[in-house]
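**Student:** heads up, no residue letters with this:
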């Protein structure tokens, strides 16, 4: 795609363990901030897409009370019950249809009001796995981690290193819930063992928060200050976790390949300047290096050890701290898109990486990253 | 699933099979996603298989969503039965686990709850 649709504005709340605001107030805050940043009024929005989840919100049709704070009243509004990166995809498609010029996307989650890892068990096969009580998001991720370690020869130290890198990067992200400037692999490996090899500090930080992104085409895009152009997108959906190999993120590889072909990326490691990856667990970032083609299959651990993905490396990954610092379920992929956009625009403050022209953002949904979506974004 | 549970009552492991590509599903599934067809054939599988992956659980999910410590860690394995293309996630009753370890299903045909018919896996003799 060549300068057809751009991200023209965005906003995020700080990510908190228990925000002193309702989800409606959090959405109102980011929607108004994004409109103000875009220099737009509510009346100028053509379409609104929300990303939220009935079983996390504890009510059905969970977008019904987000109509007011998202600016969607009597507009063409719809919702995705998946990661917010899919809401951005939906908005992109609506704009590309030619029927809409400006789209608002909002996503939100309030982990403080749901029972931690309980709602995630609703993603399990209801007749067997869910009722037997052994699998949940963390134990399933541990099965995935072990399968990947076996296939790629990755060590627990390397997985812990990823968590430490991201928690260290998060110290420069004022919105982060969890950060630790002095984190190292040893500290992560000393944290509480949950399901081997996964320890407490290898899990993402569930949180309260909201994101808004405004997309535009045509004049609204070209006239915007520093538009971030969507150069490509790809997505793919794999089988249920017991019916696919957990040792590879195959659907992420599909998604990346489709995205790269649209964006004209032939050599991702040299053409992409920075990536924001949605790692629900630290090992998934290493798996993503391979699936995204940053390194050959089986070399995720070695690629990490090379230092390439550190904030001062040749291809920084999760300079924001990624989901290790805040996993705002339903908006986590949007946060990745916003962080990648901030890097392209040079707005990332202390975590700014020099010379980011092309950046990748990734979102995922489902147990063990069943579905994956990849965006490649670029500046002027 | 009824045929799967009924089979275990008789000490048999019944899997569904796609008539198109021959893909074998255990636990059984009704649809083959590759052929877009009903997986309506049935085959009996041996009790033996290999550990695809495993984890040692030090915690369990509590009703409030937190992870509470287990008194004794327990092994959870994903097992691919010989002749199957998919995996079963179950408890592994063994001192330790390894990827590729040979195991066999322990059935309890008299179990009251159908979910307990496949009680666990243990090292194959």
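**Tutor:** Noted; the coordinates are in hand. What you see is a predicted model; the values in this text were computed from it and never measured.

**Student:** And the pLDDT for the one residue in chain B that gets nearest to chain A?
**Tutor:** Residue of chain B nearest chain A, by CB to the nearest CB: residue B:65 (2.6 Å). (Each C-beta comes from the backbone N, C-alpha and C, glycine too.) Residue B:65 is assigned 93 on the pLDDT scale.

**Student:** next one: the one 10 residues further on
**Tutor:** Residue B:75 carries a pLDDT value of 98.

**Student:** Can you name the residues bridging to it?
**Tutor:** residue B:56, residue B:92 (DSSP bridges).

**Student:** Next, give phi and psi for the most centrally placed residue in chain B.
**Tutor:** Among the residues of chain B, the one closest to the centroid is residue B:88, at 2.7 Å (CA atoms, centre = their mean). Main-chain torsions, residue B:88, degrees, to the nearest 10: phi -110, psi 130.

**Student:** residues in contact with it?
**Tutor:** For residue B:88, the contact set (CB atoms under 8 Å, 6 or more residues apart in numbering or on different chains) comprises A:242, B:26, B:27, B:49, B:78, B:79, B:81, B:105, B:118.

**Student:** From those, which land in strands?
**Tutor:** Counting by DSSP state E, the contacts of residue B:88 place B:49, B:78, B:79, B:81, B:105, B:118 in strands.

**Student:** Give me the below-cutoff pLDDT ranges for chain B.
**Tutor:** Of all residues in chain B, none has pLDDT under 70.

**Student:** Out of the contacts of residue B:88, which end up buried?
**Tutor:** A:242, B:26, B:27, B:49, B:78, B:79, B:81, B:105, B:118 (16 or more other CB atoms under 10 Å in any protein chain shown).

**Student:** mind putting those residues in a markdown table, distance to residue A:135 included?
**Tutor:** As requested, the buried ones among the contacts of residue B:88 are arranged in a markdown table below (distance: CB to CB, whole Å):
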| residue | distance to residue A:135 |
| --- | --- |
| A:242 | 9 |
| B:26 | 16 |
| B:27 | 13 |
| B:49 | 18 |
| B:78 | 9 |
| B:79 | 13 |
| B:81 | 18 |
| B:105 | 17 |
| B:118 | 14 |
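
**Student:** what's the most distant pair in those residues?
**Tutor:** Maximum pairwise distance in those, criterion CB to CB, is 14.8 Å, between A:242 and B:105.

**Student:** hang on, residue A:87 in a helix?
**Tutor:** Yes. With DSSP: H, G, I helix; E, B strand; the rest coil as the criterion, residue A:87 is assigned to a helix.

**Student:** From chain B, how far out is it?
**Tutor:** 25 Å (CB to the nearest CB, to the nearest Å).

**Student:** Same check on residue A:330?
**Tutor:** Counting by CB to the nearest CB, the gap from residue A:330 to chain B is 17 Å.

**Student:** quick one: average confidence on stretch A:155-163?
**Tutor:** 98.

**Student:** Going along the chain, name the strands of the stretch 101-250 of chain A.
**Tutor:** A:102-110, A:193-195, A:198-199, A:208-217, A:228-237 (DSSP state E, counting those that start in this stretch).

**Student:** what does the stretch 251-380 of chain A give?
**Tutor:** Remark: strands assigned in the stretch 251-380 of chain A by DSSP E, counting those that start in this stretch are A:274-276, A:358-365, A:371-378.

**Student:** Report pLDDT for residue A:301.
**Tutor:** Residue A:301 carries a pLDDT score of 98 in this model.

**Student:** Can you verify my assumption that it contacts residue A:285?
**Tutor:** No. Contact status for residue A:301 versus residue A:285: not in contact, 11.2 Å apart, counting by CB atoms under 8 Å.

**Student:** Between the two, which is the more surrounded one?
**Tutor:** A side-by-side neighbour count of residue A:301 and residue A:285, using other CB atoms under 10 Å in any protein chain shown, places residue A:285 first with 27 against 24.

**Student:** contacting residues for the nearest residue to the more buried one once chain neighbours are set aside?
**Tutor:** Of all residues not flanking residue A:285 in the chain, residue A:279 sits nearest, at 4.0 Å (CB to CB, 6 or more residues apart in numbering or on different chains). Neighbour list for residue A:279: A:162, A:166, A:204, A:285, A:288, A:318, A:322, A:323, A:324 [criterion: CB under 8 Å, 6+ apart].

**Student:** All good on my end, thank you.
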